[in-house]
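Student: Got a predicted structure here, sequence first:
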Amino acid sequence: MSFQAALFDMDGLLLDTEALTIDCMQETARAFDLPDLSQTFIGMVGLRSDLAMAVLKRGLNGAVDAETFTADASARIAERRTYGIPVKPGVRELLQLLRAQGTPCALATSSRTETAEIYLAQTGLRRFFETLTGGDKVMHAKPHPEIYLTAAASIGVDPKKTVAFEDSEPGVRAAHAARARVVQVPDLIAPSDDLKALRHHIAPDVLSGARAIGLIDGPDIR
């Protein structure tokens, strides 16, 4: 089919931020002399901040106030990000190719819209996106499809005629429910058998995923 637009998640898909965030949260846990909370932190991946906070509170189980924990972790994350935010492999090349062929792009991220503006500006990716839709712009968080429906509407396209790129299970389910063609590039968590049953495309990077479904063709831009 001919796709009218490409929709993108941000954290863990465009930007290598999930691993950095979890690493900083591990540092905070050690600073508070807490037990291993790896599974709690992994369980927060792909969730909007309010849902992620609920997961964190359950994991902390009263050992430390969740707001205090988050403030410490956020300070560590902010410091680390002053050294630059890594862009995932193939992202710049894909966005350049999509711009060259006239395919509009929109962002659909669980992060706040203001945060997305800052991160994309810092990495030089902002110019590739016509619109940014953050988790603060919708009532229902991923895996609900609202954010993908909203992102598609923001650029005037039918979501069924878009490709949605995601890394996490909540995001994949949201994009699939919006009836977009989904390309998953797993980051920290491999897709489960239940998720694979959606029969979406799973790729090692966004560029090869875009080629595999026919969103782009031609030589790479290096």
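Tutor: Perfect, thanks for sending it. Residues are numbered from 1 along each chain as shown.

Student: Off-centre distance for the longest helix along the chain?
Tutor: Looking across the chain with DSSP state H, the single longest helix is helix 66-81. Distance of helix 66-81 from its chain centroid, counting by Cα atoms, centre = their mean, to the nearest Å, is 19 Å.

Student: pLDDT averaged over it - what is it?
Tutor: For helix 66-81, mean pLDDT is 92.

Student: Stretch 173-184 too?
Tutor: The average pLDDT within stretch 173-184 is 98.

Student: farthest residue from the center of this protein?
Tutor: D33 (30.1 Å; Cα atoms, centre = their mean).

Student: Quick check: phi and psi at it.
Tutor: phi 60, psi 40 (degrees, to the nearest 10).

Student: roughly how far apart are it and F165?
Tutor: For D33, the distance to F165 (Cβ to Cβ, to the nearest Å) stands at 39 Å. Every residue, glycine included, has its C-beta placed from N, CA and C.

Student: V163 in helix, strand or coil?
Tutor: strand (DSSP: H, G, I helix; E, B strand; the rest coil).

Student: ok, now how distant is it from S111?
Tutor: Going from V163 to S111 by Cβ to Cβ gives 21 Å.

Student: ok, now L60?
Tutor: Counting by Cβ to Cβ - L60 and S111 are separated by 22 Å.

Student: the more surrounded of those two?
Tutor: Between L60 and S111, S111 has the larger neighbour count (other Cβ atoms under 10 Å), namely 22 against 19.

Student: If I look at that one, what pLDDT would I see?
Tutor: 92.

Student: Buried residues of the longest helix of the chain, list them for me.
Tutor: By neighbour count on 16 or more other Cβ atoms under 10 Å, the buried set for helix 66-81 is A66, F69, T70, D72, A73, R76, I77, R80, R81.

Student: And stretch 159-169, by the same measure?
Tutor: Quick answer for stretch 159-169 (16+ other Cβ under 10 Å): P159, T162, V163, A164, F165, E166, D167, S168, E169.
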